[in-house]
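Trainee: the amino acid sequence is not available; the structure is as follows:
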């Protein structure tokens, strides 16, 4: 199978404008994400940055990355990646959010494995257990609840499942890790689906799939990551990179 990764980024982030070009240990966040993803040997058809911003495109080209320019009206990352995928001759498109500068090649490989053997899955999502009650209550962390076979039942920025009947240590609190592989045709199908009420209410792409009856398979990983949602996250990521084994592979 032909597998490519697409990293959607734009300058106009609501919570952190311009964050794709923020400097982390002397490199832009987009460069960290791109080069770490490119270390995944299972991506046999390339890694691309999808963006509407020429400012980002110039930076990506300067560090040797490939760019696909997209329209500036997309509200969902999956819609942007779907537009980019139209120009790619691939079977699977792995969407990796550009604000994941601690992504590892192992995480990328792990994320798309279920798609190689099961054509009933609309897409997969990497997920990780939430270790602290603070993160569980953080609206920047997208929480997910799953059935016994690890298919997503619901995603929310609110704390789910509820702690009304149990304390934090007794619930299965998990978050979306923002690595989302699609079979290419399913990704194009997503872009043709009507946006849904829950998707717009929660501002989460995956709810469009669930509301249209699709199956989202969650794949649990154990690697410790931290997304950059607000300016304060940059310091956290820089501190984590001090002991990060992947950093030395591309710097």
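Mentor: Structure received. Here the structure is a predicted model, which means the values were calculated and not measured. Numbering: from 1, shown residues only.

Trainee: from now on I want contacts and neighbour counts done on CA atoms only, so please keep to that.
Mentor: Fine.

Trainee: for residue 6, give the beta-bridge partners.
Mentor: In this structure, residue 6 bridges to residue 48, residue 95 when assessed by DSSP bridges.

Trainee: quick one: contacts for it?
Mentor: 47-50, 81, 84, 93-96 (Cα atoms under 8 Å, 6 or more residues apart in numbering).

Trainee: do you know how far it is from residue 217?
Mentor: For residue 6, the distance to residue 217 equals 19 Å [Cα to Cα, to the nearest Å].

Trainee: for the residue nearest the centre of the chain, what are phi and psi?
Mentor: By Cα atoms, centre = their mean, the chain has its centre lying nearest to residue 178, at 2.4 Å. Per-residue torsions, residue 178: phi 60, psi 30 (degrees, to the nearest 10).

Trainee: hang on, isn't it packed against residue 94?
Mentor: No - Residue 178 lies out of contact with residue 94 (Cα atoms under 8 Å); the separation is 10.2 Å.

Trainee: may I see the buried residues of the helix or strand where residue 57 lies?
Mentor: Using DSSP states H and E, residue 57 sits in helix 54-62. By 16 or more other Cα atoms under 10 Å, the buried positions in helix 54-62 come out as 56-57, 59-60.

Trainee: of these, closest to residue 204?
Mentor: residue 56 (23.9 Å; Cα to Cα).

Trainee: one step back: can I get the contacts of residue 6 in a markdown table including distance to residue 148, pLDDT and neighbour count?
Mentor: As requested, the contacts of residue 6 are exported to a markdown table (distance: Cα to Cα, whole Å; pLDDT from 0 to 100; neighbours: other Cα atoms under 10 Å):
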| residue | distance to residue 148 | pLDDT | neighbour count |
| --- | --- | --- | --- |
| 47 | 33 | 98 | 24 |
| 48 | 35 | 98 | 24 |
| 49 | 35 | 98 | 30 |
| 50 | 35 | 98 | 27 |
| 81 | 30 | 98 | 29 |
| 84 | 34 | 98 | 23 |
| 93 | 26 | 98 | 30 |
| 94 | 25 | 98 | 27 |
| 95 | 25 | 98 | 27 |
| 96 | 26 | 97 | 26 |
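
Trainee: dump those residues to JSON lines, plus distance to residue 74.
Mentor: Formatted as JSON lines, these follow (distance: Cα to Cα, whole Å):
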{"residue": "47", "distance to residue 74": "20"}
{"residue": "48", "distance to residue 74": "17"}
{"residue": "49", "distance to residue 74": "15"}
{"residue": "50", "distance to residue 74": "11"}
{"residue": "81", "distance to residue 74": "10"}
{"residue": "84", "distance to residue 74": "12"}
{"residue": "93", "distance to residue 74": "18"}
{"residue": "94", "distance to residue 74": "18"}
{"residue": "95", "distance to residue 74": "15"}
{"residue": "96", "distance to residue 74": "16"}
